[in-house]
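**Student:** Got a predicted model here, sequence first, then my questions.
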Amino acid sequence: MGLCGSKESQYPDVDEPKTAQDGAVAQASARASARASAAKIPRSPRASKHSGRLSTASTKKAKAEAAEEASRSAVGRLMQENDGRCRRFSDEYDDSSAHVLGSGMSGSVFTAISRRTGLRHAIKTLNIEQMGVDGMAELRREISAMRRLDHPNIVRIFETYEDQEGGQIIMVLELCSGGELVNKLMAQPQNQGLSEHVAAKLLTKMLSALRHCHEHDVVHRDIKLDNFVYESAEEDAELKLIDFGLSHVAAAGRGSVEAMKGRVGTLSYMAPEVLKRLPYTAACDMWSLGVVAFILLSGRRPFHSRERQEKIDRILHTEPNYNSSSWATVSDTAKDFVMQLLVKEPTQRMGSADAMAHAFITSNKAASTGKELANPAAAIAHHAHVLRSMQAFSGASMMHKVALELLAFATPSAQLDDTRQIFYALDTDGSGTISREEFDAAMAAHPELNSAALKTLFETLDFAKKGELGYNEFLAATLGGAQQLSSLDEPTVRNVFQMLDRDSDGIVTRDDLLQCLGVTTSEEELDCMFEQMGKAHDGKLFFMDLFRLMTGRDGTKQAGITLKVTGSSSGPSAADKRASAPSLASLGRSSTMSNVTLHSEAVSHNADPLAKAGRSVWASKGRSVQNLNRFLAASTAARLSKSAGAHDGAEGETSEPKTPVRPRKSSADGTTMVLTAAAPASALLPMPSAAPGTGGAAAPAAADKI
């Protein structure tokens with residue numbers, strides 16, 4: 001089924017249907033096998049902190065899974081697998097207003113809203129029993145394929161959930177709400193295709209996505225108009241390739257040449273070698289793209305017939321008709337492009353790299369690109385902030401880089417469209433990655449950087465150490481020095497923190513980071529990350545530690561809180577602290593509240609020498625916080641009562657009592673927070689009623705408890 005489309009994708013007329021009796025037997029057998037195998041999604045041996053040591057018998061499997069993990073893209077490692085023990089789908093997503101996008105025998109696709117971010121996602125649910133063993137194998141292929149890919153024109157998978165009670169596997173995907181490309185074509189007049197310029201622009205994006213797939217050992221095997229959708233309803237919305245349910249994952253480095261078997265796909269788009277049940281390669285995708293190109297340019301299908309067998313015969317034995325009226329206005333260059341894709345002999349068929357270099361693609365790409373993005377050097381010259389951001393990212397700590405990778409991963413693509421266009425300009429070969437050569441060509445706009453400096457910069461940006469910059473790596477690097485980081489809000493950073501906190505215990509540990517970064521991360525790198533954060537002594541990272549790291553704000557207001565560094569002489573001004581009253585609701589679900597001081601209390605406390613002296617004396621005597629609170633409240637009330645008496649005869653003046661100092665509360669990481677009267681009293685501390693003669697000040701707090 002389509003992951004983000006408006007309806008379920010179909011695979012008609014591929015093989016003869018089984019009889020009802022055969023289907024029932026097969027389904028019963030599949031369910032039994034599924035129950036026996038527990039139908040688990042494969043995950044890394046380190047996927048759970050609670051898992052035991054691997055047995056000797058599973059060593060081979062562990063090595064295979066490690067190799068699989070190494071083949072994933074940098075962004076593929078960021079995808080989370082939730083087994084239902086720490087996180088449940090219903091706790092993280094609200095599907096009360098779900099809109100159904102598609103449904104089938106084994107599951108459905110609908111929308112849901114993230115409770116963390118408020119963003120809407122596409123949710124694909126699959127019934128474990130109904131899928132059977134073959135269905136689970138298909139699901140594994142789909143997830144494995146998507147984790148290898150990181151491209152602006154390929155739909156992104158964020159996380160998966162196992163609901164053992166409900167018997168479901170749940171996939172959380174990027175929502176593409178703009179509808180299918182086929183709907184746009186159907187809006188054209190009958191037997192009329194798109195303009196060459198529009199068709200070439202679309203085919204360029206399709207080719208780039210396919211080239212990225214093949215170079216990362218993934219063959220889609222179901223390329224068709226229905227599987228290209230728009231990310232939004234905007235006029236210039238980006239095109240996305242979806243539905244990897246029939247994909248094939250090849251051995252490392254063999255994505256374009258590895259032979260496959262199996263008659264899969266959609267008949268109208270199926271290559272001759274697939275129909276003949278011969279071994280075939282990634283060239284089958286190029287044939288399917290040729291069919292797409294034919295339809296886009298002419299508005300007609302090249303081998304159409306209502307009779308299934310006649311359609312097969314046409315695919316195998318006839319040539320498309322380029323002499324009809326639909327092709328009368330199409331250029332010879334465009335025709336040649338389609339002809340070189342619809343070659344029946346797969347070894348003679350044009351590959352994705354050659355197709356990207358075809359004159360039909362290159363000429364239209366040049367014509368549709370503005371001067372500021374005409375070439376890589378021009379793109380960098382016209383966007384000076386990109387280099388500054390890259391340099392800032394290069395000098396950032398390892399933990400900061402990981403956080404920026406996660407931020408780029410979680411940010412909706414449309415919000416980073418300007419950066420995406422720069423990425424397209426730098427990716428001159430359309431591979432979906434930026435090579436060292438492409439990077440150097442772009443940096444020609446900055447001759448002050450010598451070859452050694454460029455080499456160092458590139459290597460620090462290549463966080464996955466693959467010798468190329470992936471799409472998400474580029475996004476993260478260009479966020480590194482952006483002004484928008486200073487305006488990050490608490491929910492956004494919390495979302496990043498929760499992606500790091502894989503077991504949802506409120507603390508990011510070495511195991512969490514290892515799951516996020518992959519088994520290729522060394523112990524030394526993990527040590528370095530915690531040492532740079534000043535956490536080498538306990539190896540624990542709390543939310544506020546990450547907030548300070550990502551925003552660079554210590555002692556500034558954020559979400560109704562003030563961040564203070566313990567022992568630091570610098571801090572926010574009193575004016576800043578008084579600027580707004582905090583609310584506990586804005587604090588979210590912080591597990592630590594590391595170094596938090598609510599504003600009004602900070603002002604009152606810092607201005608009160610008695611409080612400072614009293615706390616010092618009280619702490620030296622080892623007395624309790626409750627007794628200290630009573631002592632300070634009584635002392636403050638007495639001083640305010642005297643002050644009120646001194647001003648009783650002053651006309652037009654009122655006595656404004658100071659807020660009693662509230663006790664500090666220790667947090668999980670050993671830091672403190674001060675609760676204040678700026679927030680509702682009932683939400684913080686029980687406040688005693690005002691005593692007569694105090695001008696509204698609190699009476700000695702004999703009943704004031706924490």
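**Tutor:** Structure's in. What do you need? Residues are numbered from 1 along each chain as shown.

**Student:** ok, and the closest non-adjacent residue to residue 461?
**Tutor:** residue 477 (4.9 Å; Cβ to Cβ, 6 or more residues apart in numbering). Quick note: C-beta positions are derived from backbone N, CA and C, even for glycine.

**Student:** now that neighbour, what's its secondary structure?
**Tutor:** Look at residue 477: counting by DSSP: H, G, I helix; E, B strand; the rest coil, its state is helix.

**Student:** what's around it, how many residues?
**Tutor:** By other Cβ atoms under 10 Å, 28 other residues sit near residue 477.

**Student:** Cross-check the contact I'm expecting between it and residue 395.
**Tutor:** No - the criterion here is Cβ atoms under 8 Å, and residue 477 misses it with residue 395 at 11.4 Å.

**Student:** tell me the mean pLDDT over stretch 362-374?
**Tutor:** Averaging the model's pLDDT scores along stretch 362-374 yields 74.

**Student:** now do stretch 471-478
**Tutor:** 93.

**Student:** Stretch 295-310 now?
**Tutor:** For stretch 295-310, mean pLDDT rounds to 94.

**Student:** Mind exporting the C-alpha coordinates of it to CSV?
**Tutor:** Extracted as CSV, the C-alpha positions of stretch 295-310 are listed here (Å, rounded to 0.1, in the frame of the first residue of the first chain):
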residue,chain,number,x,y,z
ILE,A,295,3.1,9.0,-19.9
LEU,A,296,4.3,12.4,-18.6
LEU,A,297,5.3,13.6,-22.1
SER,A,298,2.4,12.2,-24.1
GLY,A,299,-0.5,11.6,-21.6
ARG,A,300,-0.7,8.0,-23.0
ARG,A,301,0.5,4.6,-21.8
PRO,A,302,3.0,2.9,-24.1
PHE,A,303,1.7,-0.7,-24.0
HIS,A,304,-1.9,-0.2,-22.9
SER,A,305,-4.6,-2.8,-23.5
ARG,A,306,-7.6,-3.8,-21.5
GLU,A,307,-6.8,-7.5,-22.1
ARG,A,308,-4.1,-8.7,-19.8
GLN,A,309,-2.4,-11.1,-22.2
GLU,A,310,-2.4,-8.6,-25.0
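
**Student:** the domain parsing of the chain - what is it?
**Tutor:** As recorded under automatic domain parsing, the domains making up the chain are 20-41+67-173, 181-368, 371-409+417-481, 488-552, 558-706.

**Student:** So, low pLDDT: which residues of the stretch 1-150 of the chain?
**Tutor:** The stretch 1-150 of the chain contains residues with pLDDT under 70 at 1-75, 105.

**Student:** can we see that at 80?
**Tutor:** In the predicted model, the stretch 1-150 of the chain carries pLDDT under 80 at residues 1-77, 83-86, 103-106, 132-135.

**Student:** How much space separates the residue nearest to residue 461 from residue 471?
**Tutor:** For residue 477, the distance to residue 471 equals 11 Å [Cβ to Cβ, to the nearest Å].

**Student:** what touches both of the two?
**Tutor:** Both residue 477 and residue 471 lack any common contact, where contact means Cβ atoms under 8 Å, 6 or more residues apart in numbering.

**Student:** Residue 169 belongs to a strand?
**Tutor:** Yes - Residue 169 sits within a strand when classified using three-state DSSP.

**Student:** now it, nearest residue through space, not along the chain?
**Tutor:** Per Cβ to Cβ, 6+ apart, closest to residue 169 is residue 126, 4.6 Å.

**Student:** contacting residues around the one you found?
**Tutor:** Applying Cβ under 8 Å, 6+ apart, we find residue 126 in contact with 106, 107, 135, 139, 168, 169, 170, 171.

**Student:** backbone phi and psi for the nearest residue to the second one once chain neighbours are set aside, please?
**Tutor:** Nearest residue to residue 107, sequence neighbours excluded (Cβ to Cβ, 6+ apart): residue 126, at 4.0 Å. Backbone dihedrals for residue 126, given as degrees, to the nearest 10, come out at phi -130, psi 130.

**Student:** what's the distance between residue 126 and residue 162?
**Tutor:** Distance from residue 126 to residue 162, counting by Cβ to Cβ: 11 Å.

**Student:** now swap in residue 294 and tell me
**Tutor:** 42 Å.

**Student:** What lies in contact with stretch 163-172?
**Tutor:** Residues contacting stretch 163-172 (Cβ under 8 Å, 6+ apart): 3, 39, 41, 84, 88-89, 93, 107, 112, 121-129, 131, 139, 143, 157-162.

**Student:** In ChimeraX, select just the buried ones from those residues.
**Tutor:** Typed into ChimeraX, the line below selects the buried ones among the contacts of stretch 163-172, using 16 or more other Cβ atoms under 10 Å:
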select :3,39,41,88,89,93,107,112,121,122,123,124,125,126,127,128,129,131,139,143,157,158,159,160,161,162
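
**Student:** about what we covered before: with distance to residue 203 added, can I get the contacts of residue 126 in CSV?
**Tutor:** Below are the contacts of residue 126 laid out as CSV (distance: Cβ to Cβ, whole Å):
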residue, distance to residue 203
106, 33
107, 32
135, 33
139, 30
168, 37
169, 34
170, 34
171, 28
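
**Student:** residues contacting residue 533?
**Tutor:** 397, 399, 541, 545, 549.

**Student:** and the last one, what element?
**Tutor:** The secondary structure element spanning residue 549 is helix 543-551 (assigned by DSSP states H and E).

**Student:** Point out the other helices and strands that that helix packs with.
**Tutor:** If contacts are counted by 3 or more Cβ pairs under 8 Å, 6 or more residues apart in numbering; DSSP states H and E, helix 543-551 sits against helix 398-410, helix 490-500, strand 561-563.

**Student:** now the angle from that helix to helix 490-500?
**Tutor:** For helix 543-551 against helix 490-500, the angle by axes from the mean of the first three to the mean of the last three Cα atoms, to 10 degrees is 110 degrees.

**Student:** Only C-alpha atoms, please: export helix 543-551 in CSV.
**Tutor:** The C-alpha trace of helix 543-551 is given here as CSV (Å, rounded to 0.1, in the frame of the first residue of the first chain):
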residue,chain,number,x,y,z
PHE,A,543,17.6,17.5,29.3
MET,A,544,18.8,20.9,30.5
ASP,A,545,22.4,19.9,29.6
LEU,A,546,21.2,19.4,26.1
PHE,A,547,19.2,22.6,26.1
ARG,A,548,22.2,24.7,27.1
LEU,A,549,24.3,23.0,24.5
MET,A,550,21.9,23.5,21.6
THR,A,551,20.8,27.0,22.4
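
**Student:** what angle sits between it and helix 398-410?
**Tutor:** 80 degrees.

**Student:** Averaged pLDDT, helix 543-551. What do you get?
**Tutor:** 88.

**Student:** ok, how many other residues are close to residue 190?
**Tutor:** By other Cβ under 10 Å, the residues close to residue 190 number 8.

**Student:** right, I mislabeled it, should have said residue 170
**Tutor:** Quick note: residue 170 (other Cβ under 10 Å) scores 22 neighbours.

**Student:** any idea of the pLDDT on the residue lying closest to residue 222 once chain neighbours are set aside?
**Tutor:** Of all residues not flanking residue 222 in the chain, residue 246 sits nearest, at 4.6 Å (Cβ to Cβ, 6+ apart). As predicted, residue 246 sits at a pLDDT of 91.
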